[in-house]
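1. Let me see the structure of the following:
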Amino acid sequence: MRLCPILLVSLLAIALSGCGPSISSINARPEKYYQHKVTFRGRIARMQFLPHDTLLEVADDQGRRILVRSADPVDATTGDWVRVEGILVPEARVADVVLYDVVTADRVSVTRAPRLLGLM
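-> So this is what the prediction gives:
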C-alpha cells in the first residue's frame, strides 16, 4: 500500500524536473528565449580559450548543441557535465567574429550526468 504513493511522488518529481528549457527547445525556437534567462544542463563537447572569454560548445545527451560564452574562467574540461545559467542573445561578438544564438553565461558549474540518461 505504501509503494503506490511513493511511486506516484517519484514519477511526479521526474516529470517536473524536465520542465525547464532544454538545449533542443532553445534551438527549436530561439526567438522565444532571446534576452531571457535560461538554465540547462549538458556535456562540454568543445572548449576554446580566448583572450577575454571562454567559448564552450555544450551538447545534451541526444547530441543537440548550443554555444556558451563565459567571461569568467570555467573549472571544467571537455566531457564534463555542466549546468549553465545565462541569457540567450541573438548575436554576440567573440574575438572579432559574430556568432548567432549564443548563451552569455552568468555561471557555469560542474554537475552530474542526468539520472535517466537517454530515457527522454
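2. measure Pro21 to Asp60 for me?
-> 11 Å (C-beta to C-beta, to the nearest Å). To be clear about C-beta, it is placed using only N, CA and C from the backbone, and glycine gets the same treatment.
3. Low-confidence regions, the chain specifically.
-> Scanning the chain for pLDDT under 70 picks out the ranges 1-19, 118-120.
4. Tell me where it has helices.
-> 3-17, 23-28, 30-33 (DSSP state H).
5. can you map out the strands along this protein?
-> For the chain, applying DSSP state E gives strands covering 37-49, 54-59, 65-70, 81-94, 97-110.
6. Adding distance to Pro30 and mean neighbour count, write those out as a markdown table.
-> Converted to a markdown table, the strands of the chain look like this (distance: least, C-beta to C-beta, whole Å; neighbours: other C-beta atoms under 10 Å):
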| stretch | distance to Pro30 | mean neighbour count |
| --- | --- | --- |
| strand 37-49 | 10 | 16 |
| strand 54-59 | 15 | 20 |
| strand 65-70 | 9 | 20 |
| strand 81-94 | 6 | 16 |
| strand 97-110 | 5 | 16 |
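7. Would you mind saying which of the ones you listed lies nearest Leu116?
-> strand 37-49 (12.6 Å; C-beta to C-beta).
8. residues making contact with the closest one?
-> 20-23, 26, 54-61, 65-66, 74, 76-88, 103, 106, 111, 113-114 (C-beta atoms under 8 Å, 6 or more residues apart in numbering).
9. Skipping adjacent residues, who's closest to Leu55 in space?
-> The shortest distance from Leu55 to any non-neighbouring residue, by C-beta to C-beta, 6 or more residues apart in numbering, is to Gln48 (4.5 Å).
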